[in-house]
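Enquirer: Sharing a model prediction with you, sequence too.
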Amino acid sequence: MKITVLTLFKDMYEGFLNTSIIHRILEKHLAEIEIIDIRDYSFDKHRHVDDTPYGGGAGMLMKVDVVHHAIKENSSENTHIILTSPKSWPLKQEDLVRLSKEEEILIVCGHYEGIDHRIEKYINEKISIGDYILTGGELPSMVLIDGILRLLDEGISSDSLKEESFNSSLLEYPQYTRPVEYEGERVPDVLQNGNHSEIRRYNLKMALRETLLYRPDLLENRELNKEENELLKEIKNEL
Ligand SMILES: C[S@@+](CC[C@H](N)C(=O)[O-])C[C@H]1O[C@@H](n2cnc3c(N)ncnc32)[C@H](O)[C@@H]1O
């Protein structure tokens, strides 16, 4: 997979691309990342990329001709082009899974007040990383790259990916490591007894509990089986 990012702030990616799992994936050539400066595609010697909005209003807008030029020069007909924007529905794990199957992705980072609306003609989709406004698309692009690339990583077992929050529309169950007791809090006995079916049932119950407490909307959109319904009843009685 190749991911290209169009940004005004290339420096922001240095630490990100040279750390942890992302670094390992790039070293193993499982993916290639290219960070491109949008200013290189400006049409004037002062490398302007923005201008004032028609109709007034605060701030500056990035110019459609410059950004389109950068897109054209860095994509082919096989490229899936994403515009980072708060004006979309929020990103979900299933979007990352879908995007991890693309061969070529180009991510456009807005800045200032965003990009001239006409840019939407040249992209395949807009992605928001949540219902809040950030200064620019750089952090959202890193969220996308991180979320996509870790799905390609041979170092992460498919079991571990399967058990993560959202993969079964449930939040992940609580996990523990040594010491067995910390400031009076003990690791639950069931996790130490080696009985795999009890551990599975306990973890499922705890995943349902976390989801009920923090994201009940996920349960509404999920068909529960008999065991899950029983566990949910138990949880509600215990709360
Ligand atoms: C300050 S924001 C522009 C916000 C815009 N004026 C609005 O009210 O929708 C500048 C850029 O940051 C990026 N951005 C900000 N928040 C984002 C979010 N939640 N998800 C994705 N991109 C975001 C987008 O690329 C956006 O063009």
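Expert: That came in fine, so what should we check first?
Enquirer: Starting from the ligand, give me the distance back to residue 166.
Expert: 18 Å (CB to the nearest ligand atom, to the nearest Å). Where C-beta positions appear, they are placed from N, C-alpha and C, glycine not excepted.
Enquirer: hey, where'd the strands end up in the chain?
Expert: Ranges of strands in the chain, per DSSP state E, are 2-7, 32-37, 50-51, 61-62, 79-84, 104-108, 125-127, 181-182, 185-186.
Enquirer: Residue 23 touches residue 17, doesn't it?
Expert: Yes. Shown here, residue 23 and residue 17 form a contact pair, counting by CB atoms under 8 Å, at 6.8 Å.
Enquirer: got the strands of the chain as a markdown table, with mean neighbour count columns?
Expert: What follows is these, written out as a markdown table (neighbours: other CB atoms under 10 Å):
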| stretch | mean neighbour count |
| --- | --- |
| strand 2-7 | 22 |
| strand 32-37 | 16 |
| strand 50-51 | 16 |
| strand 61-62 | 21 |
| strand 79-84 | 23 |
| strand 104-108 | 24 |
| strand 125-127 | 17 |
| strand 181-182 | 10 |
| strand 185-186 | 10 |
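Enquirer: Let me have those in CSV, extended by distance to the ligand and mean pLDDT.
Expert: Converted to CSV, the strands of the chain look like this (distance: least, CB to the nearest ligand atom, whole Å; pLDDT from 0 to 100):
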stretch, distance to the ligand, mean pLDDT
strand 2-7, 10, 98
strand 32-37, 15, 98
strand 50-51, 11, 97
strand 61-62, 8, 98
strand 79-84, 4, 98
strand 104-108, 7, 99
strand 125-127, 6, 98
strand 181-182, 36, 98
strand 185-186, 36, 98
